[in-house]
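>>> Model the following, please.
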Amino acid sequence: MLKILSAEQQRELDKLTIEHEPVLSIDLMERAASTCSNFLLHHSDAGNIFKIFCGNGNNGGDGLAIARQLFFAGKNCEVFILSETGSTDYQENLKRWKSLPSQSTTILSSTEQFPICDQKSIIVDALLGTGLNRAPEGITASLIKHLNKQAARRVAIDVPSGLCVDKATNDLSNVIHASATLTFHSMKESFLYSEYAAITGNVFIADIGLSVEHEQTLKSSKYFIEERDILPLIKPRPAAGHKGTFGHAYLLGGSEGKAGAAILASRAILRSGAGMATVHAPGSCLLPLQCSNPEAMVEKDECETHITSFKISEKYDAIGIGPGIGTNTSTANVLKQLIQEASSAIVIDADAINILAENPTWLSFLPKGSILTPHPGEFARLAGNIGDPFERNKTLSEFSKKYNVFIILKGQYSALACPDGTIYYNSSGNSGMATAGSGDVLTGIITGLLAQGYTSGAAALVGMYLHGKAGDKAAQVRSESAMMASDIIENL
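Numbering: from 1, shown residues only. Okay, the predicted model is just below:
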């Protein structure tokens, strides 16, 4: 599980690694550059020209070391710098670069010197690193704007220049719009927000051998989860188990014209491993449910168009509510009654969240450990209008702690906020999952895991990851453009 460190913590970890490995800072820079140059060699063609733009800090030193290594690999490299003076390691790497025969170095002192970078070029952005705390200005800002207009691919080293990693970046015109970002050691917090997805491009994490031991001394409440973190949480299935062993899930879902949401969620419950599923739905959903998901039992509401009642029972091991239910007053009253009567955590999604947003006093009565799965718009209705993404996720964490619930904020890197203040960001998933019904599938997966005896935290974490992983497998078969929510279920 990768800790998400602040820029200050990242510098501290570099320092601890240098002191205790021990390794010279210039050699650590060389190691980082080696990882980057290998990446660039792997993702380039013989005819590419590398145009490497270097600031005068350590990010620029990385760029100069990368240029030298690419040069030794036989690549055509051109280096552009803004100053001949800078950090100690920058100046040492500039000296090493200039000692090479036939090297190309341009000091950019005016906008007239800015180069044209055509489609054969690969721009390597090593202008500004993670220490940035204000918007670029002067010739640096002008250069960034110029590079963003070029036809070449742009690869950012560690962070796209101009993007802050610990706070909001308001003017994105002063940020390199990277095709790809090769970041060191772990994800940066700003990379995890959809507002900056177009800035970072595809993000690749480069292991540069920083001290894992000393990283443990750095406190963080934010983590980036990977498959290796999820595998130990998966419950083994006893060979002698029967359908009762694996739990009975109860889902309140559907309304007239929205039987599909209940179908998707109930199929996901069973595909996630639950032994049984009962769906409480209005009469108009009965035939579609039984035809589309014959493995699930259906409990018919007395109303044909929407849910007006429910029959809670001790035989149910988990309860989910929300997919396709609408916001009718009678349905809202069902949610209120369920919150009051449920003896254990429930999964709340879609219109159930919208009902809660209209009745905020009900939040205090949510069963401990309940799991809410809003998208950003739904969460804004729950918590009020929120400013930048850093503030939004701070509010997400505070909301989780206040009401003692788990919240999955759905997005490119879905965020799971836990009552203890921890936030886990998900590494699986793709844009093909931005399709109708995908959230209903997530609700079903988590409800199915709860029914099997997973704790709320484990069900939310494992469910979030498996949902994205199944989406990734679906994309391999269907492509991201052609995926539907049912493809996620079929790849669980």
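>>> In the stretch 301-450 of the chain, where is pLDDT below threshold?
Along the stretch 301-450 of the chain, no part satisfies pLDDT under 70.
>>> What are the boundaries of the helices in it?
Along the stretch 301-450 of the chain, counting by DSSP state H, counting those that start in this stretch, helices occupy 329-341, 351-358, 376-383, 389-403, 438-451.
>>> what number of residues lie near the residue lying closest to residue 151 once chain neighbours are set aside?
Nearest residue to residue 151, sequence neighbours excluded (CB to CB, 6 or more residues apart in numbering): residue 119, at 4.8 Å. (Each C-beta comes from the backbone N, C-alpha and C, glycine too.) Residue 119 has 10 neighbours, counted by other CB atoms under 10 Å.
>>> Am I right that residue 119 sits in a strand?
No. Assessed with DSSP: H, G, I helix; E, B strand; the rest coil, residue 119 is coil; it does not lie in a strand.
>>> That one and residue 150 touch, don't they?
No. With contacts counted by CB atoms under 8 Å, residue 119 stays clear of residue 150, the gap being 9.2 Å.
>>> picking that back up, TSV please, covering the helices of the stretch 301-450 of the chain and showing distance to residue 210 and mean neighbour count.
Converted to TSV, the helices of the stretch 301-450 of the chain look like this (distance: least, CB to CB, whole Å; neighbours: other CB atoms under 10 Å):
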stretch	distance to residue 210	mean neighbour count
helix 329-341	46	17
helix 351-358	40	22
helix 376-383	33	18
helix 389-403	24	18
helix 438-451	34	30
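>>> which stretch among those comes nearest residue 297?
Closest approach to residue 297 among those is made by helix 438-451 (13.5 Å; CB to CB).
>>> Report the inter-axis angle for that closest one versus helix 376-383.
60 degrees (axes from the mean of the first three to the mean of the last three CA atoms, to 10 degrees).
>>> and helix 438-451 with helix 351-358, angle?
100 degrees.
>>> pretty sure residue 416 is in contact with residue 397, am I right?
No. Applying CB under 8 Å, one finds residue 416 not in contact with residue 397, separated by 10.5 Å.
>>> between these two, what contacts are shared?
Here residue 416 and residue 397 have residue 423 as joint contacts, going by CB atoms under 8 Å, 6 or more residues apart in numbering.
>>> Looking at the nearest residue to residue 47 once chain neighbours are set aside now. What's its pLDDT?
Nearest residue to residue 47 in three dimensions, chain neighbours excluded: residue 120, at 5.8 Å (CB to CB, 6+ apart). Listed pLDDT for residue 120 reads 96.
>>> Distance of residue 120 relative to residue 143?
20 Å (CB to CB, to the nearest Å).
>>> Ok, residue 213 next?
The spacing between residue 213 and residue 143, counted by CB to CB, is 39 Å.
>>> What of residue 365?
In terms of CB to CB, residue 365 sits 56 Å off from residue 143.
>>> which one of these two has more residues nearby?
Neighbour count, other CB under 10 Å: between residue 365 and residue 143, residue 143 has more, with 23 against 11.
>>> quick one, what contacts the residue lying closest to residue 121 once chain neighbours are set aside?
Spatial nearest neighbour of residue 121, chain neighbours left out: residue 152 (3.9 Å); criterion: CB to CB, 6+ apart. For residue 152, the contacting residues are 51, 117, 118, 119, 120, 121, 122, 123, by CB under 8 Å, 6+ apart.
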